[in-house]
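Asks: I need the structure of the sequence given here:
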Amino acid sequence: MFAYELHELRSAELRRLAEQERLAAEALRGRRAARRTASREAPEAESHSGGPGRHRFTRAA
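Replies: Predicted coordinates for the structure are as follows:
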C-alpha cells in the first residue's frame with residue numbers, strides 16, 4: 001500500500017510540474033506574439049548596425 005501511495009504522490013507532482021511548464025510555454029508564446037505584432041505595427045526604426053562612416057573595429061596604433 002505504501003508504494004502505491006508514493007506512486008500516486010509522485011504522479012500528482014509530475015502532473016503539477018507539467019501544467020506549470022505548459023503555462024510557462026504558453027506565456028512565452030504570448031509574449032513573442034505580442035512582440036511580433038508590435039514590431040509589425042511600429043514604424044521602421046533606424047538601423048544600429050553602423051553607417052558608411054562608422055567602422056566595426058578601432059584602428060590599431
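Asks: drop to CA atoms for contacts and neighbour counts, all remaining ones
Replies: Fine.
Asks: Please enumerate the helices of this protein.
Replies: 2-41 (DSSP state H).
Asks: Find the centremost residue of it, please.
Replies: Leu28 (5.0 Å; CA atoms, centre = their mean).
Asks: list the contacts for that one?
Replies: Residues near Leu28 by CA atoms under 8 Å, 6 or more residues apart in numbering: none.
Asks: Pull up the per-residue confidence for it.
Replies: Leu28 is assigned 97 on the pLDDT scale.
Asks: Roughly how far does it sit from Thr37?
Replies: Between Leu28 and Thr37 the computed distance is 14 Å (CA to CA, to the nearest Å).
Asks: Check Arg31 too.
Replies: 10 Å.
Asks: between these two, what contacts are shared?
Replies: Counting by CA under 8 Å, 6+ apart, nothing touches both Arg31 and Thr37.
Asks: Let me know how buried Leu9 is, in neighbour terms.
Replies: When neighbours are counted by other CA atoms under 10 Å, Leu9 registers 12.
Asks: Could you do His55 as well?
Replies: 10.
Asks: now do Leu23
Replies: Neighbours of Leu23 (other CA under 10 Å): 12.
Asks: Run through the chain and note the low-pLDDT ranges.
Replies: Counting by pLDDT under 70, the chain shows low-confidence ranges at 44-54.
Asks: Let's see that with 90 instead.
Replies: 1, 38-61 (pLDDT under 90).
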